[in-house]
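A.B. asks: The sequence and its predicted three-dimensional model are supplied below.
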Amino acid sequence: MLIRAFVAVSVRRPQRMDLLLNDLRSLCSGRTVKPTAPENLHLTLRFLGDIEQAQVNSVIDAMNTAVYGVGVFDFKLENVGAFPRTLRPTVLWVGAADQGQLGTIVEQLNNALAGMGLGPENRPWHPHVTIARIKSHPPTKLLQFITDHKNDHLGSIRVSSIELLRSDLQPNGPAYAPLACVPLIDK
């Protein structure tokens, strides 16, 4: 049985992030811009795609290897941006900045997963939290929203674990279910 899965850090929103998301929702009601459901906010460390149920324990082992020696830390949520570019966005995001711990976990995770035959992703990793998806040409007010918030500082997130999440695509958007949670522990 195949499971669509990814490894992530859950994002429990600081108050300033809630205010930003409320502004976005009030600004962009309709089908063009679909804000991320609050319970689905996360920072993806590695998208795995479809994996076999039999691979789950090996992925959990890779996650344990990835966090070894990385203690609990904080990262900052800052800057609003868009992929692939601001004038023609398909994804609206808030950036994540830390002192290198996120990058260390991603590098160690990718190395451990490569040992299982799961090679690296095709694009460079850019730490971010997706806050909306844009389905067609964005309204002008969304472009102004990005400009107005491009230098925002939205608070900090404490990272004490990473999660393996299952993603089930549904008509109203994805539903995520935790498959495993791996705590961060110092050496």
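C.D. replies: Arrived safely, thanks for sending.
A.B. asks: Per-residue pLDDT of the most centrally placed residue in the chain, please?
C.D. replies: By C-alpha atoms, centre = their mean, the mean C-alpha position of the chain lies nearest to residue 43, the distance being 2.3 Å. Note on residue 43: pLDDT of 98.
A.B. asks: That one contacts residue 11, doesn't it?
C.D. replies: Yes: using C-beta atoms under 8 Å, residue 43 is in contact with residue 11, at 6.1 Å. All C-beta spots, glycine's among them, are computed from the backbone N, C-alpha and C.
A.B. asks: Mind listing the shared neighbours of these two?
C.D. replies: Here residue 43 and residue 11 have 129, 157 as joint contacts, going by C-beta atoms under 8 Å, 6 or more residues apart in numbering.
A.B. asks: Now do the helices in the chain.
C.D. replies: For the chain, the helices defined by DSSP state H cover 15-27, 56-67, 101-114, 140-149.
A.B. asks: ok, how many other residues are close to the residue lying closest to residue 43 once chain neighbours are set aside?
C.D. replies: Among residues not flanking residue 43 along the chain, residue 9 sits closest, at 4.5 Å (C-beta to C-beta, 6 or more residues apart in numbering). Residues lying near residue 9 (other C-beta atoms under 10 Å) number 22.
A.B. asks: Now do the contacts for residue 9.
C.D. replies: Contacts of residue 9 (C-beta under 8 Å, 6+ apart): 42, 43, 45, 102, 157, 159, 161, 162, 163.
A.B. asks: For beta bridges, what are the partners of the fifth one?
C.D. replies: In this structure, residue 157 has beta-bridge partners residue 75, where bridges are defined by DSSP bridges.
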